[in-house]
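Peer 1: Just the structure for this:
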Amino acid sequence: MKNALRKSFGLKIKELRLSSGMSQEEFADHCGFARSYMSRIERGGANPSLNAIGVVAEALGLGVNTLFNSMAGPMH
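Peer 2: Residues are numbered from 1 along each chain as shown. Below you'll find the predicted structure:
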């Protein structure tokens, strides 16, 4: 379950980042993260802290609740 949640979160972040028109490197810089860390988040390989999730949501112009609500749906 925890891997599925991380993967689902990462895919949503990638989808939102791409729709914003930012490259992964631009988005990572905007968040203050290393590009390699952003890559791990998007692939579900990292388990971001609540603070990191807040930074990502803010960088996307979303609240944390909105970000998680956008992930609503069945988990695989």
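
Peer 1: Identify each buried residue in stretch 33-53, please.
Peer 2: Across stretch 33-53, burial judged by 16 or more other Cβ atoms under 10 Å covers 33, 38, 39, 40, 41, 42, 44, 46, 48, 52, 53. Every C-beta, even on glycine, is put in place using the N, C-alpha and C of the backbone.

Peer 1: count of neighbours near the closest residue to the third one other than its chain neighbours?
Peer 2: Once flanking residues are discounted, residue 39 sits nearest to residue 24: 6.3 Å by Cβ to Cβ, 6 or more residues apart in numbering. Residues contacting residue 24 under the criterion other Cβ atoms under 10 Å number 17.

Peer 1: for the one 5 residues further on, same thing?
Peer 2: The number of residues packed around residue 29, counting by other Cβ under 10 Å, is 15.

Peer 1: Provide a list of residues in contact with the residue nearest the centre of the chain.
Peer 2: Nearest to the mean C-alpha position of the chain, by Cα atoms, centre = their mean, lies residue 13 at 3.3 Å. Residue 13 sits next to 41, 42, 56, 60 when contact means Cβ atoms under 8 Å, 6 or more residues apart in numbering.

Peer 1: Spell out the residue ranges of the helices in the protein.
Peer 2: Remark: helices assigned in the chain by DSSP state H are 2-20, 24-31, 35-43, 50-59, 64-69.

Peer 1: between the fourth one and helix 24-31, how big is the angle?
Peer 2: Per axes from the mean of the first three to the mean of the last three Cα atoms, to 10 degrees, the angle that helix 50-59 makes with helix 24-31 is 110 degrees.

Peer 1: Rounded mean pLDDT for stretch 45-64, please.
Peer 2: Average pLDDT, stretch 45-64: 96.

Peer 1: gap between the two ends of that stretch?
Peer 2: Length of stretch 45-64, first residue to last, Cα to Cα, to the nearest Å: 20 Å.
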